[in-house]
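*Asks:* next come a sequence and a model predicted from it.
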Amino acid sequence: MCGVVGYIGSKEAAPILIDGLQRLEYRGYDSAGIAVLNGGKIVSDKEMGRLANLEKLLAKAPLAGSCGIGHTRWATHGAPSQLNSHPHFSSDGAIAVVHNGIIENYAELRNELAAKGHRFLSETDTETVPHLIEQELKEGAASPIEAVQRALKKLRGAYALGILFRDAPDTVYCARLGSPLIIGLGEKENFIASDVPAIINRISKAIYLNDGEMAVLRADSVEVCTIEGEAVEPEVKEISFKAEDAEHAGFETFMLKEIHEQPRVLRALLEKHVSADGTIEIGSGLSPDYFRKLRRIMIVSCGTAYHAGMYGKLLLENLTGIAVETDLASEFRYRDPKIDPGTLVIPVSQSGETADTLASIRMAKDWGCKIFSICNVEGSSVVRESDATFFTNCGPEIGVASTKAYTAQQMAFALFALYIAGVRGNLTPEQVKDYLDDLHEVPDAVHYVIQKKEEIRVIGEKHHDGPSSLYLGRKFNFPTALEGALKNKEISYQHAEGYAAGEMKHGPIALISEALPVICICTKTADEVYEKMLSNIKEVEARNGRIIAVATEGDTEIPKLAGDIIYVPEVRDEFTPMVNVVALQLLAYYAARARGTDIDKPRNLAKSVTVE
Ligand code: M6R
């Protein structure tokens, strides 16, 4: 989604804005622009495509000034074009605005403003904002801040706004409703940004604006108030990660770096949540008695986090006997799920800013439910709107395709399920300890799979060229099949479908031919699922499908059937998805590399989907 940055201090603003926008590139964008206050006027440049195009423009004719705002646009209203790029301006050019979010009533406002003589240059919803502020000044607002407040009260929708006034030198205004915005605090300089990584190299403290708040930034002060004008004492937070965490660290892409970080992330979660005597601490703030009485859990999330939720459901049902449902947040929010206040709702989100997940939380709160989220980003909206949060603590995930956040979400569910099973007596302390011993083997098993990346690269390159691929799995690894297919389509643009293998005969078997790579997740399990999976593979083989299997080291059956095999170490059934998915992340990665796609910033995708 769009990225917003802003700067006020004594340095040149343009290079700082460009650097910040580069660090937000992972959010996805199609054009970029900046505006800088320069000796009594606002100067601006915008360009289509990559930031490098804007940089070229600035190299030829630099924009001088030490106060500015910048933006990367991910088109929603109006095609990607220079005219639709931000910043947008008031009629007199005295107000510049950058915006992330959607102004839902923009058409109505635009008509009203047009009737009052405003001319619009773009097709965007955003352009109404500077015109509306301009109109408020004309109609008597006594100051820029009053004009902004009056304008904001007329907007419906979501926004993170950065605003410059020609007549308010050395000042950046910003406001937030429904789209994330943080204020970075420096030494005699201050920043705004959609996300911490944009400015992590410049600050160590930040204010996370709440919905309905705005701020006025000068080099040596930040004043926060509500859009009603009530002063707010902001909470200043230390940023818990370092600039290096948001760097490539020698890897060719962020995605590859993040795949490699998984063993460390998983180990750290185990260290943080399991004490030496085997006690699990999940920090839900809910009493053991609450969990003993709990009858229903509802998990809501989107994309990869939804697949983690599917895994969580299987595990929780299996280990705790609690009825668990999982749903896509975008579906959940528009159905009538018959949730009672006794249901524990678990939103899962890497970014903590996904619009549908947030809407689901708000609905569940209205129904009186407790919200225990699984989230990666401290200070994010999901965290702030939850009663308690299990932090996945992965550090910033920059690659658009989620990898380390996924396995960390799975680990969170594993720990949560074991904790509840222990509290409710579904498992004896000895059984919980057995499970935990096995769970501690997962980080090494993941590391082992990553060490096989060259073998996986060869397989990925061999099968990258077809139009389509099919991913099959069962039980705990049905979500793995869905996630493997999602990774593949996201970054390699090859059509990929994930299916429950038992469903194959109900349709997808018609697709099978020698041209179709079928990725079969068939690691050894103690129950009948392995045998069933073998039967499915035989059905694919009988129709000359190209079988790529993810199998357990030492398996003697799979080599009789599969053309290519990725061997993974044996771990307990319930935990195989955390290991198997890493093989599929790498498979997708190398297929994408062979197809020459932009792996960290796949076309049309945004890292954090802050609009519906
Ligand atoms: O930040 P969230 O976890 O809430 O994001 C949910 C999805 O948008 C996200 O997982 C998306 O599907 C990723 N691109 C998957 O790789």
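*Replies:* Okay, I see it.
*Asks:* alpha carbons only for contacts and neighbour counts from here, please
*Replies:* Noted.
*Asks:* can you map out the strands along the stretch 151-300 of the chain?
*Replies:* Using DSSP state E, counting those that start in this stretch, the strands of the stretch 151-300 of the chain run over 157-165, 172-177, 182-185, 190-193, 205-208, 213-218, 221-226, 231-232, 236-238, 296-301.
*Asks:* tell me which parts of this protein are close to the ligand?
*Replies:* 302-305, 349-352, 354, 400-402, 607-609 (CA under 6 Å from any ligand atom).
*Asks:* mind running it again at 8 Å?
*Replies:* Counting by CA under 8 Å from any ligand atom, the residues of the chain close to the ligand are 301-306, 348-354, 357, 375, 400-403, 405-406, 486-487, 490, 605-609.
*Asks:* domains of the protein?
*Replies:* As assigned by automatic domain parsing, the chain contains the domains 3-246, 248-440, 450-612.
*Asks:* kindly reformat those domains as TSV containing mean pLDDT and mean neighbour count.
*Replies:* Output for the domains of the chain, formatted as TSV (pLDDT from 0 to 100; neighbours: other CA atoms under 10 Å):
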stretch	mean pLDDT	mean neighbour count
domain 3-246	93	21
domain 248-440	95	20
domain 450-612	93	20
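*Asks:* can I get the strands of the stretch 151-300 of the chain in a markdown table including distance to residue 253?
*Replies:* Formatted as a markdown table, the strands of the stretch 151-300 of the chain follow (distance: least, CA to CA, whole Å):
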| stretch | distance to residue 253 |
| --- | --- |
| strand 157-165 | 29 |
| strand 172-177 | 32 |
| strand 182-185 | 26 |
| strand 190-193 | 23 |
| strand 205-208 | 28 |
| strand 213-218 | 35 |
| strand 221-226 | 36 |
| strand 231-232 | 41 |
| strand 236-238 | 28 |
| strand 296-301 | 26 |
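*Asks:* tell me who's in contact with the closest residue to residue 39 other than its chain neighbours.
*Replies:* Using CA to CA, 6 or more residues apart in numbering and skipping residues adjacent in sequence, the residue nearest residue 39 is residue 65, 7.7 Å away. Counting by CA atoms under 8 Å, 6 or more residues apart in numbering, residue 65 makes contact with 12-14, 36-39.
*Asks:* state the distance from residue 65 to residue 18.
*Replies:* 14 Å (CA to CA, to the nearest Å).
*Asks:* got it, and residue 388?
*Replies:* For residue 388, the distance to residue 18 - CA to CA - is 36 Å.
*Asks:* also residue 232?
*Replies:* From residue 232 to residue 18 the distance is 30 Å (CA to CA).
*Asks:* likewise residue 564?
*Replies:* 45 Å.
*Asks:* now residue 325. Nearest residue, chain neighbours left out?
*Replies:* residue 298 (4.9 Å).
*Asks:* and the one you found, bridged to which residues?
*Replies:* Residue 298 has these beta-bridge partners by DSSP bridges: residue 325, residue 345.
*Asks:* wait, it touches residue 343, no?
*Replies:* Yes - counting by CA atoms under 8 Å, residue 298 touches residue 343, with 6.8 Å between them.
*Asks:* what are the ranges of the helices in the stretch 101-250 of the chain?
*Replies:* 106-115, 128-138, 144-154 (DSSP state H, counting those that start in this stretch).
*Asks:* angle of the shortest one against helix 128-138?
*Replies:* What that stands for is helix 106-115. 40 degrees (axes from the mean of the first three to the mean of the last three CA atoms, to 10 degrees).
*Asks:* now what about helix 106-115, what contacts it?
*Replies:* Contacts for helix 106-115 (CA under 8 Å, 6+ apart): 120, 125-126, 128, 131-132, 135, 155.
*Asks:* so where do the helices sit in the stretch 501-612 of the chain?
*Replies:* With DSSP H, counting those that start in this stretch as the criterion, the stretch 501-612 of the chain has helices at 529-542, 576-595.
*Asks:* now distance to residue 559 too, for those, in a markdown table please.
*Replies:* Below are those laid out as a markdown table (distance: least, CA to CA, whole Å):
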| stretch | distance to residue 559 |
| --- | --- |
| helix 529-542 | 11 |
| helix 576-595 | 17 |
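*Asks:* of these, which is nearest residue 367?
*Replies:* helix 576-595 (33.2 Å; CA to CA).
*Asks:* not counting sequence-adjacent ones, nearest residue to residue 343?
*Replies:* Nearest to residue 343 is residue 296, by CA to CA, 6+ apart, at 5.0 Å.
*Asks:* right, I'll leave it there.
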